[in-house]
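Q: fold the following for me, if possible:
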Amino acid sequence: MNIDPKNIMAVGDGYNDISMIKFVGYGVSMENSVDDLKKIADLHMPLTNEQGAVSEIIRQYILKK
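A: Residues are numbered from 1 along each chain as shown. Here you go, the predicted model:
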């Protein structure tokens, strides 16, 4: 799709997500994320994935509602 990585947001919670968060322009961690990911994320969402963190990130930062 030829999208510049700086224009991509990614959400993660585990060690396997660290390289993805480093690659994109805006990385988001969740409350249940590993500490190493929380340290490098641009935004920390104080909800777990079970509490709807991803949908809340989409609502607040993409839909802006």
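Q: list the contacts for Pro46?
A: Glu31 (Cβ atoms under 8 Å, 6 or more residues apart in numbering). For the C-beta atoms, the positions are set from N, CA and C on the backbone; glycine is no exception.
Q: and the helices in the chain, which stretches?
A: Counting by DSSP state H, the chain has helices at residues 18-23, 35-40, 53-57.
Q: mind putting those in JSON lines, mean neighbour count, mean pLDDT and distance to Lys6 included?
A: What follows is those, written out as JSON lines (neighbours: other Cβ atoms under 10 Å; pLDDT from 0 to 100; distance: least, Cβ to Cβ, whole Å):
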{"stretch": "helix 18-23", "mean neighbour count": "15", "mean pLDDT": "98", "distance to Lys6": "10"}
{"stretch": "helix 35-40", "mean neighbour count": "14", "mean pLDDT": "98", "distance to Lys6": "16"}
{"stretch": "helix 53-57", "mean neighbour count": "16", "mean pLDDT": "92", "distance to Lys6": "18"}
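Q: relative to Asn7, which of these is closest?
A: Asn7 lies closest, by Cβ to Cβ, to one member of the helices of the chain: helix 18-23, at 12.1 Å.
Q: need the residues that contact the closest one.
A: 5, 10, 12, 27-29, 36-37, 40-41.
Q: now do 7 Å
A: Residues outside helix 18-23 that contact it (Cβ atoms under 7 Å, 6 or more residues apart in numbering) are 5, 10, 12, 27, 36-37, 40-41.
Q: and Glu31, how close does it get to Gly25?
A: From Glu31 over to Gly25 the distance is 22 Å, taken as Cβ to Cβ, to the nearest Å.
Q: Ile62 too?
A: 13 Å.
Q: between the two, who's got more neighbours?
A: Shown here are Ile62 and Gly25; by other Cβ atoms under 10 Å, Gly25 has more neighbours (13 against 9).
Q: how near is the spatially closest residue to the more buried one that is not a sequence neighbour to Asn49?
A: Using Cβ to Cβ, 6 or more residues apart in numbering and skipping residues adjacent in sequence, the residue nearest Gly25 is Lys6, 3.5 Å away. According to Cβ to Cβ, Lys6 stands 25 Å off from Asn49.
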